[in-house]
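Novice: Here is a sequence together with a model predicted from it:
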Amino acid sequence: MRRLLASSVLALLVLAGCHSGQKPPSQPDSSQNFKAYHLRGKVVSTDAAKGEVTLNHEAIPGFMDAMTMPYKLKDASILGELHPGDVITADLLVSQDPDADVLLDHIVVVAQGQA
């Protein structure tokens, strides 16, 4: 009886392991489509209609100098949580497709702007 139980548990673990590495086809693997750069900057303004935040950001080593420019958010629903003067960190996702948007993801407000 113990052998049967042990064999059944082992078979379930093997079957579960075969499927755990697969991703659903509806979720693309961002590591293949995007290169991520760490960004730190201050929110200048937000534009809900465009789903964009304009940042005055520090230089991004290996990618671009410090500048002020708008960025689209990967998740535009968090735009309402960003306010002028907020200091944020984020991942800048740059697509391998030159026609694609550059997106901000994993946004963290590290200091809130003065009201």
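Specialist: Arrived safely.

Novice: Can you find the helix or strand in this structure with the smallest mean pLDDT?
Specialist: In the chain, the helix or strand scored least confidently by mean pLDDT, DSSP states H and E is helix 2-20, which has a mean of 48.

Novice: what element comes up after the top strand by length along the chain heading to the C-terminus?
Specialist: Longest strand of the chain, by residue count under DSSP state E: strand 34-47. Reading on from strand 34-47 to the C-terminus, the next helix or strand found by DSSP states H and E is strand 52-57.

Novice: The helix or strand that that following strand is followed by - contacts with which helices or strands?
Specialist: As assigned by DSSP H and E, the chain's next helix or strand after strand 52-57 is strand 67-73. Other elements packing on strand 67-73 under the criterion 3 or more CB pairs under 8 Å, 6 or more residues apart in numbering; DSSP states H and E are strand 52-57, strand 103-111. Bear in mind the C-beta positions are built from the backbone N, C-alpha and C, glycine included.

Novice: Most tightly packed of those?
Specialist: Of all these, strand 52-57 has the most neighbours on average by mean count of other CB atoms under 10 Å, namely a mean of 21.

Novice: tell me the angle that one makes with strand 67-73.
Specialist: If you take axes from the mean of the first three to the mean of the last three CA atoms, to 10 degrees, strand 52-57 sits at 140 degrees to strand 67-73.
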